[in-house]
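Colleague: Fold the following, please.
(chains A, B, C, D and E)
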Amino acid sequence: MTMSEKRESPLAKAVRETSGVVLAECYQCGKCTAGCPMARYMDLTPNQIMRLAQAGDDAALERLLSCEALWYCVGCLTCAQRCPRQLDPAAVMDVLREMAHRRRKIPAAARKILAFHKAFLATVEWGGRMAEIPLVLRYKMNSGDFLSDVFLGPVMLAKRKLPLLPHRIRGRAEIRRIFATCRKGTRP
Amino acid sequence: MKTLGYYPGCSLSGGGIELDLSVRAIAKVAGVELREIEDWNCCGASAAHSLDHSLAVALPFRVLALAESQGLSEVLAPCAACFSRLKGTQVRLTRSPELGQRMQELVERPYNGTVRILNINEFVASLLAEGLAGKFTRKLGLKVVAYYGCLLSRGEDIVTSDDAEDPQGMAAAIRVAGCEVLPWNSSNECCGGGFSMSKTGSVLDLSQAILDEARAVGADLVVTGCPMCHSNLDMRQLELLKRRRVPGALPILYLSELLGLAAGLEPGALGLGRHFIESRQLVRGGA
Amino acid sequence: MARIGVFICHCGENIGRTVDCPAVSAAAVRMPGVVHSVDYKYMCSDPGQQMIKKAIVEMKLTGVVVAACSPRMHERTFRAAAAEAGLNPFLLEMANLREHCSWVHADKAAATQKAIDLVRVMVAKARRDRALRPIRVPVEPTALVVGGGIAGIQAALDIAAGGKKVVLVERGPSIGGHMARLSETFPTLDCSQCILTPRMVEAASHPNITLMTYSEVESVEGFVGNFTVTVRHKARYVDPAKCTGCGDCFNKCPLKNIPNEFDAGLGMRRAIYVPFPQAVPNKPVIDAAHCTMLQKGKCGLCAKICPRGAIDYKDQDSLVKVKVGAVVLATGFQLWDHAAYGEYGGGRLADVIDGFAFERLASASGPTGGLIKRPSDGKEPKTIVFLQCCGSRDDKAGKKYCSKICCMYTAKHAMLYRHKVHDGRAVVFYMDVRAAGKGYEEFVRRALSDDGAEYVRGRVSRITRKQDGTLVVRGADTLAGRPVTIEADLVVLADAVVPRPGSEKLAQIFGVGYDQDGFYSEAHPKLRPVETAAAGVFLAGACQAPKDIPESVAQASASAAKVLGLFANPELEREPIIARVNRATCAHCRACISACPYGAAKDFDVLDRAGKVLRTVVDVNEGLCQGCGTCAAVCRSHSVDLDGFTGEQIHAELNALL
Amino acid sequence: MKTEKADVPTPTTFEPRITAFVCNWCTYAGADLAGTSRLQYAPNLRIIKLPCTGRIDPLFVLKAFENGADAVLVSGCHPGDCHYTSGNYHARRRWTLFRKLLALTGIGDDRLFFSWVSAAEGQKFADLVNDVTAKVRKAGPFQAAHPGRKA
Amino acid sequence: MMKALRQEAAKLLQEKRAALIIGFAEREGHPALFISKPEDCERLFYDVSCRQNLAAYLSKPEVSARRPVAIVASLAALRSLVVLTAESQAAPGQVLALAVDKDAFLGTFDVAGAAELLRSKYPDLGPEKALLERVGELSKKSVVERAAFWAEEFAKCTRCYACRAACPGCYCARCIVEKNAPQWVSTAALGHGNYSWNIMRAFHQSGRCTLCGACEAACPQGLPLMVLNAALDREALEEFGARPGYDPEGKPVIGSWSAEDDHSYMR
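Modeller: Prediction:
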């Protein structure tokens, strides 16, 4: 154990244990922000997220868990690829996003993204695989985003891109058990 | 006949069905048998990853465990996202035996870490090594930009067969197919990934930049290996065209489709007819 | 018969508080060989020393044990006192009652018992001490300076000014080093060549300095005061004695397009060339790898036109041996190759250049005559982006350390550019501005406020080139909290400072340590920053760590002072702790030769009167031996012994603990 | 010699006698630092100073046991830190084989200790002495464990 | 086999490639036989019961005065010859080996040839299985039991130094036990002295011993000396990759080092 681990905040500890990232190692060069394709849409840039996480106090945590940027990470891996400190800011955002989700602090602008993720997982939990029609229907129900892309569905069907009947795997009971166990693990 | 495990993933039975069709087609031409993992499940994609770190490992873990129990030592995952999830899980398991223990208990399946995951570029390279080029009959003569996106170029210990900043994994195959590979900057830029529905605006911005550069360097088409990238560049191009943000349609093909065409296969059989942006004209002259 | 005197120090209360000093003294006087024992408040004080001196004379002592503090503290003091009283200083030993006993134990009885034991051990040792004489070795009062950059030149000039001879060895065809390539220097913006070239000429013409350019150190034998250095004099193919430096040859050589290293490849040179017009010596060399005459036997033009017949295509490398007493290593640095950064174009983008290339563009004597033109198309760039910390402070692809000089030269670059291109935009991406030096912070501020350099705090993630040649720089402004994209015509990377290639091999030749990055290790980071672990080998300039010009010059002068100090005496005195071989019992198994870290153990032929070899045994070179005693421990028959730590002494010390 | 020992009371319980062979540049200086830092440790150790661990012949260790030591400690510079560049590396090899030989013939690692203590490791030195002393206290007197040794 | 050996030995003498042949006599105990006339070669004998390592004679002044010399050499003696060469105790070109292995005569080799033969045909000579088992059994015992075992064994030692005389590695002009002022090893055949002597004898052979077994064979008291030699041999092999007797220019194990050497036991 290094000295910096000894006196880390509860947040820094949680981040380290889940993602392996030692926040104190970040020296705020901003290369993550510079390369992030989504940074321009974010209310906090990746390096600011790292900085606030380093601060780790209650006010910082509050800002982190209520920001939109957490939900805008597209998972492109650019930040980790180029970080000169060999850190993974996206993994830190994953940890924070899970915390925000658990505390149900979802900013309005991110609700569509959360709705999509949830709809996606719901179809997987139900049949073991993602199914596009149920996913879209569920997403539109949850997000209230009824109008977008209405023209695409029929075209996709016409192009035989969407199977009408979703496939359900034999081991779906197993999948549901996995979901249930994970849910228990992450929501105390 | 060489046998390879096959993990199509959810996209390939839906929006990305062309990738499935063309991969199976060129495997057949090369004489490689693809054996689908029985009763495979979704890898969880970015949704599980975003919301639940245990689930994000548990779902791919079940797939790996199934493959191992079915005697598949090498598994092709043509979808770049599935590849990244499966191989990423494999990497994490190697780094942490403790995680492996936890997952065995959670998923209730044993896994000894013996499965090797291949992406589409590695798969194509192995087909070339097996002599696929000898089966090529059609001269394509196209100018191509190779688009790797994020998940076929990056990921520490995940994409081990390529250079993250200057990926070249498709170039040899495209050249063997009789096409010219044009240098460009966007080969490893992000298209907006899984935000196609939930944050469409960003996908349009990012995809437009990629299409703009492809056109600027004089490409006839973009070749990709990822169904998410394909969907963003192909399906979302309709909207860019509608809003006149791009001046004209640019076909987007999967690498496997391009090779299938070179092998003389019918465009329809490869799934070209299912794209939103018409691409069958690319081979009209040469067929 | 041994007559040992024991002197027990209370060190005020420091020892006396926990050790019963009178009891120790009472015990000591009963130890074998002890004829005198006394305890006193402060043994190191003048009266204390007088007490020892007086006893040595009056009691006719043959050995002394001072039981006091650590020998690291006062062994020199007490040995000097003993010497003043006429006792060989190596007959005095110290028992460490303070650091090793009174300060670390609270129980007085146990501490006193331990103190008695410690004294008994040292008495046993002192009884078997032998008078040793410091080893004297003659010093060859000539210094070798390796590297002809500003550090090497300065060291050579200072040593020469001190009246000692210097051999200055430089790998390239001219001295001058990197400083000769610079346009202007921070923070005064004076012309680099204007201040350097007089020094170069002085070095070349100084009667005490022998210049050996186009030469490399091949091997070294010997030790401090007496090195024999073999220097490889590379074939120049031009006889410097005949050549007048008229320049006919290199103006006529048909091979015109060899990238000139001096100009960072931006300018061209011929196959026969001087690297730059002010070169010293100003005489050309032929680059054998490119010359068609040397490669294919065709051409020979330069030989035909040389009016002095100085060209010699048959010239060959020659090895020259020089005898020197001290060495200054001043091999300098180079810039890290940014090809490792794929995201910055991996070295493939012509208009992404390093700091030296920019220096040459900005230099009035450079390939563009001081006009800022970008390499790809010769256009004047209207926007230049400067990237600091390129390869520095990067554990992943580059180097962990800060390269120290980049903040300053980047500010200078931005400033020079704004002076030359008034409508140009200079954007500097930085992480921190480290401007700790006289006038440095003021200089950087001037670049911002007077010269309009735009500083953006953040790293750059990617540099790409558009079809029209514009470079797109994607960075971050971490202070504003946003990504920024800048379209630039030229990008200058402040690449990390790294040691010269081959520096590790040179370190091995001289027995100098180096760190994981290849920088030479000083003997002590605080107190011996100029010396190395190898006696007589000193460091100057950026071969030790990134340094700017004033620091390099300061260290060069410091190393010169060290050399002159070493040369101040005709002989060198060393502690006589060295190994000796009993030739009568040596079986010549050669284990000691293999074990000796210094190559001091060597084969030795025992000859009869006629000069015939009777037997071969091992002998130890006193000059090379540093006294570690590893040889003595590997010798199965104990035919090797170590003065000051003889087997007999150690045996007696162990018996004293019986 | 017997008379001089009578000056101080003889301990009634077993007090281990430990002989330490240390190098001048690292461990001796580390012990000095323990002193200047006033770190307290067990008074059972007696140091024999040598220039380098490379100087230590295994015979020294055997002699120490012969002379009544209950344990022996050998300590020098960390790898890479040797004042003489490689004396400690030579020593390391020697001890690897020698300790094997001693272990096989009845002197185990509760009596023979090796460590690297640098000039900066005063605390480590103090901890080491305490730890070694405690272990040897547990192991008991050497002579009792090796009754056949009495010459 | 014997015939080939005798013929070859006679040839060496006739051709003056050797001035002296050292071999084994047939009579009881197979003592060393010194032959300088070709016709005497008929007296040469060899079988596996010849336990002496004749390389031990090479460093004796009486023998080195009569070079070139050839010895009848088992595989272990061949290794000893290589070790002695590495330690400059056998002048290359002055020593030949009539190599024998069990019941085969392998030919005549100089040192380089002997090393080459060993490397190519016998690359991993080491302790025999039975010997390793003896080491293993002892290792299984507790430290206390081991101390008791050796106390009993070493108590038998009479300090006759037959082990030393038999050993080709023991060529010191003055053995450490004969060094006084200081006398590190007591010469009295008692506890401490016996322990020190036997330990140091074994230690001085570490990384050099070729496991010929001559010391144990020579011991009139039957001390299990080879157990110590074999244990050190395995340790040096495992820790340092040491295989003594294969490289005539090899560096001594004690007297060289590698940065990678283990020090997990050091704190």
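
Colleague: Is it correct that residue C:80 is in contact with residue C:74?
Modeller: No: taking CB atoms under 8 Å as the definition, residue C:80 is not a contact partner of residue C:74, at 9.9 Å. All C-beta atoms are positioned from the backbone trio N, CA, C, and that covers glycine.

Colleague: Those two: which is more packed in?
Modeller: Using other CB atoms under 10 Å in any protein chain shown as the criterion, residue C:80 and residue C:74 rank with residue C:74 on top: 20 against 13.

Colleague: Point out where the chain drops to low pLDDT.
Modeller: No chain was given, so I picked chain A. When residues are selected by pLDDT under 70, those of chain A lie in A:1-6, A:151, A:186-188.

Colleague: Chain D, not that one
Modeller: In chain D the weaker segments, taking pLDDT under 70 as the threshold, are D:1-12, D:150-151.

Colleague: contacting residues around stretch E:229-240?
Modeller: The contact list for stretch E:229-240, computed with CB atoms under 8 Å, 6 or more residues apart in numbering or on different chains, reads D:93, D:96-97, D:100-101, D:104, E:126-127, E:131-132, E:134-135, E:139, E:202-203, E:205-207, E:209, E:211, E:215, E:242-244, E:253, E:258, E:261-262.

Colleague: among those, which are in helices?
Modeller: Among those, the members found in helices (DSSP state H) are D:93, D:96-97, D:100-101, D:104, E:131-132, E:134-135, E:139, E:202-203, E:215.

Colleague: Show me where chain E has its strands.
Modeller: Here chain E has its strands, by DSSP state E, at E:20-24, E:32-35, E:69-73, E:95-101, E:104-109.

Colleague: Quick check on the contacts of stretch E:229-240: which are buried?
Modeller: With burial judged by 16 or more other CB atoms under 10 Å in any protein chain shown, the buried subset of the contacts of stretch E:229-240 is D:93, D:96-97, D:100-101, D:104, E:127, E:131-132, E:134-135, E:202-203, E:205-207, E:209, E:211, E:215, E:242-244, E:253.

Colleague: Residue C:411 and residue C:388 touch, don't they?
Modeller: No: Residue C:411 is beyond contact range of residue C:388, at 9.5 Å (criterion: CB under 8 Å).

Colleague: Sticking with residue C:217, tell me its helix or strand.
Modeller: Residue C:217 is part of strand C:215-223, with elements assigned from DSSP states H and E.

Colleague: what about that strand, near chain D?
Modeller: No: using CB under 8 Å from any CB of the partner chain, strand C:215-223 stays clear of chain D, with a minimum separation of 14.0 Å.

Colleague: In the sheet, which strands lie alongside that strand, parallel or antiparallel?
Modeller: The pairing partners recorded for strand C:215-223 under DSSP bridges are strand C:226-233 (antiparallel).

Colleague: Report the next helix or strand after the strand it pairs with in sequence order.
Modeller: Next along the chain after strand C:226-233, taking DSSP H and E as the criterion, comes helix C:248-252.

Colleague: Can you point out the buried residues in that following helix?
Modeller: For helix C:248-252, the neighbour count (16+ other CB under 10 Å) marks C:249-250 as buried.

Colleague: Can you name every helix or strand that that helix contacts?
Modeller: Where contact means 3 or more CB pairs under 8 Å, 6 or more residues apart in numbering or on different chains; DSSP states H and E, helix C:248-252 is packed against strand C:272-273, helix C:301-305.

Colleague: Alpha carbons only: can I get the longest helix that chain A contains in CSV?
Modeller: Using DSSP H, we find that the single longest helix of chain A is helix A:111-127. Output of helix A:111-127 as CSV, limited to C-alpha atoms (Å, rounded to 0.1, in the frame of the first residue of the first chain):
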residue,chain,number,x,y,z
ARG,A,111,-32.7,10.3,-19.0
LYS,A,112,-33.0,9.2,-22.6
ILE,A,113,-29.6,7.5,-22.4
LEU,A,114,-30.5,5.8,-19.2
ALA,A,115,-33.8,4.8,-20.6
PHE,A,116,-32.0,3.2,-23.6
HIS,A,117,-29.6,1.3,-21.4
LYS,A,118,-32.4,0.0,-19.2
ALA,A,119,-34.6,-1.0,-22.1
PHE,A,120,-31.6,-2.8,-23.6
LEU,A,121,-30.9,-4.7,-20.4
ALA,A,122,-34.6,-5.5,-19.9
THR,A,123,-34.8,-7.3,-23.3
VAL,A,124,-31.6,-9.2,-22.4
GLU,A,125,-32.9,-10.2,-19.0
TRP,A,126,-36.1,-11.4,-20.6
GLY,A,127,-34.7,-13.5,-23.4
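
Colleague: Leaving out sequence neighbours, find the closest residue to the closest residue to chain D within the stretch 151-267 of chain E.
Modeller: Distances between the stretch 151-267 of chain E and chain D by CB to the nearest CB are smallest at residue E:151, namely 3.2 Å. Nearest residue to residue E:151, sequence neighbours excluded (CB to CB, 6 or more residues apart in numbering or on different chains): residue D:148, at 3.2 Å.

Colleague: Confirm for me that that neighbour is in contact with residue E:149.
Modeller: No: counting by CB under 8 Å, residue D:148 does not reach residue E:149; the two are 10.4 Å apart.

Colleague: State the distance from the residue in chain D that chain E sits nearest to to residue E:179.
Modeller: Using CB to the nearest CB, the single residue of chain D nearest to chain E is residue D:106, 2.6 Å away. Separation of residue D:106 from residue E:179 (CB to CB, to the nearest Å): 26 Å.

Colleague: cool, residue B:61 as well?
Modeller: Counting by CB to CB - residue B:61 and residue E:179 are separated by 69 Å.

Colleague: And residue B:282, by the same measure?
Modeller: Distance of residue B:282 to residue E:179, given as CB to CB: 93 Å.

Colleague: got it, and residue C:433?
Modeller: Distance, residue C:433 to residue E:179, by CB to CB: 69 Å.

Colleague: if we can go back for a sec, let me know which of the strands of chain E is tucked in deepest.
Modeller: Highest mean neighbour count among these (mean count of other CB atoms under 10 Å in any protein chain shown): strand E:69-73, with a mean of 26.
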